[in-house]
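J.: Below are the sequence and a predicted model for it; my questions follow.
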Amino acid sequence: MDWFWWSLYILGAIFCIGCVVQIINKNRKAKREFQEWLLPAFLSFGAVCLIFIAIDNFPVV
C-alpha cells in the first residue's frame, strides 16, 4: 500500500512544479531564479522520492 502514497506524493510534486512553471512564465525575472535553484530543488526532491520507492520495493537481502 506504500506505493499508493508514494505515487500521490510524486503526483503532488509534479502538480506543484506545473503551478510554479505557470506562475513563472508570467514573470520573466523570476524565470532565471527558477532555473538557477528552484528547478534543481524540485528535481532532487523527485530523485529522493524515487530512491525511497526503490529501497521500499526492492529491499537488499
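T.: Looks like it arrived, so ask away.
J.: Now do the same for stretch 13-22: mean pLDDT, whole number.
T.: Averaged across stretch 13-22, the pLDDT comes to 74.
J.: Over to stretch 48-61?
T.: So the average pLDDT for stretch 48-61 ends up being 70.
J.: what comes up buried for it?
T.: Buried residues in stretch 48-61, counted by 16 or more other C-beta atoms under 10 Å: Ile53. For every residue, glycine as well, the C-beta is placed using N, CA and C.
J.: Over to stretch 40-47?
T.: By neighbour count on 16+ other C-beta under 10 Å, the buried set for stretch 40-47 is Phe42.
J.: what's the spacing between it and its chain's center?
T.: 5 Å (C-alpha atoms, centre = their mean, to the nearest Å).
J.: Kindly report the same for stretch 7-20.
T.: With C-alpha atoms, centre = their mean, you get 6 Å for stretch 7-20.
J.: Only the buried residues of that stretch, if you could.
T.: Judged by neighbour count (16+ other C-beta under 10 Å), stretch 7-20 contains these buried residues: Ile17.
J.: Show me what whichever strand or helix holds Ile23 is packed up against.
T.: Assigning secondary structure by DSSP states H and E places Ile23 in helix 2-25. Of the remaining helices and strands, those touching helix 2-25 by 3 or more C-beta pairs under 8 Å, 6 or more residues apart in numbering; DSSP states H and E are helix 28-33, helix 39-57.
J.: mind redoing it with 6 Å?
T.: helix 39-57 (3 or more C-beta pairs under 6 Å, 6 or more residues apart in numbering; DSSP states H and E).
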